[in-house]
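**Student:** sequence below, structure please.
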Amino acid sequence: MRRLRRQAGFTLIEVLVTFLIVAIGLLGLGALQVNTMNNSFETYQRALVASIIEDMAARIRMNSQAAMAGEYFLEKPQSSACGEMMGSERDLCEWHAQIEGSSAKVSDIDAEGAMAQRNIGAPLGARGCIEQLMGSGSGELWVRVSVAWIGMTPQSETDLSCGIEEMGDEAYRRVVFRDVAVR
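**Tutor:** Below is the predicted model of the structure:
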């Protein structure tokens with residue numbers, strides 16, 4: 001008479017199914033990590049842009065006569081030697097230097113193999129805009145200070161004009177602005 005023995009342990013199929021479940025879970029955690037890193041970088045860039053905008057808004061409020069005269073609505077100064085400039089021209093030069101990230105640099109090797117300095121303290125592809133808005137009836141001037149940059153993930157497109165059609169796909173263009181009343 002033959003006795004049936006009860007098997008103990010796992011079959012190969014059970015082990016493979018377990019590995020498959022664990023692998024799917026790890027892939028999900030990896031995707032979550034990438035998503036978290038992208039969101040963290042987007043938040044960092046937005047905070048950096050907000051501080052750059054607040055800096056220029058304060059400069060405009062402190063130099064209201066130059067703002068009323070239209071001196072802040074000029075293009076970016078050609079020279080990068082901001083220390084030699086005065087008033088609104090210096091404000092614009094220093095603001096554009098912040099936007100370009102020139103406060104944080106790293107040494108890098110360029111395409112020709114030579115050492116070069118590269119700015120790293122700026123949002124991706126950032127561009128600053130200062131535009132005059134309609135004034136109120138009480139003689140004050142409204143100025144919109146905005147910065148556009150390239151985001152990491154697509155989002156709904158914005159109606160703001162800063163950086164429009166300069167950054168590739170409009171779904172990646174981010175814009176933060178601040179309206180300033182000048183009296």
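**Student:** going by C-alpha atoms from here, please, whenever you check contacts or count neighbours.
**Tutor:** OK.
**Student:** where in the chain is pLDDT low?
**Tutor:** 1-9, 103-105, 117-119, 135-137 (pLDDT under 70).
**Student:** mind doing that once more with 80?
**Tutor:** Along the chain, the parts satisfying pLDDT under 80 run over 1-10, 74-83, 101-111, 113-122, 134-139.
**Student:** need the longest helix for this protein.
**Tutor:** Of all the segments of type helix in the chain, defined by DSSP state H, the longest one is helix 12-62.
**Student:** next structured bit after it?
**Tutor:** helix 64-68 (DSSP states H and E).
**Student:** buried set for that following helix?
**Tutor:** Going by neighbour count (16 or more other C-alpha atoms under 10 Å), the buried part of helix 64-68 is 64, 66-68.
**Student:** again with stretch 155-174
**Tutor:** Those would be 162-164, 167, 170-174, for stretch 155-174 by 16+ other C-alpha under 10 Å.
**Student:** what is the end-to-end distance of that stretch?
**Tutor:** In stretch 155-174, first residue to last residue: 9 Å (C-alpha to C-alpha, to the nearest Å).
**Student:** how far does that stretch sit from its chain's centre?
**Tutor:** 12 Å (C-alpha atoms, centre = their mean, to the nearest Å).
**Student:** other residues contacting stretch 21-35?
**Tutor:** For stretch 21-35, contacts defined as C-alpha atoms under 8 Å, 6 or more residues apart in numbering pick out no residues.
**Student:** now stretch 36-48
**Tutor:** 122-123, 151-153, 176.
**Student:** one more time with 10 Å, if that's ok
**Tutor:** Residues outside stretch 36-48 that contact it (C-alpha atoms under 10 Å, 6 or more residues apart in numbering): 30-35, 49-50, 52-53, 98-99, 121-124, 126, 147-153, 174-176.
**Student:** buried subset of these as a ChimeraX selection?
**Tutor:** Selecting only the buried entries of the contacts of stretch 36-48 in ChimeraX, with 16+ other C-alpha under 10 Å as the criterion:
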select :49,50,52,53,98,99,121,122,123,124,126,147,148,149,150,151,174,175,176
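**Student:** with residue 42 as the reference, measure out to residue 128.
**Tutor:** Taking C-alpha to C-alpha, one finds residue 128 at 18 Å from residue 42.
**Student:** can you give me the end-to-end distance of stretch 114-128?
**Tutor:** Length of stretch 114-128, first residue to last, C-alpha to C-alpha: 30 Å.
**Student:** same question for stretch 80-90.
**Tutor:** End-to-end span of stretch 80-90 (C-alpha to C-alpha): 10 Å.
**Student:** in that stretch, what counts as buried?
**Tutor:** 82, 85, 88-90.
**Student:** tell me how far it lies from the chain's centre.
**Tutor:** That offset, for stretch 80-90, works out to 25 Å (C-alpha atoms, centre = their mean).
**Student:** same check, this time on stretch 174-181
**Tutor:** 14 Å.
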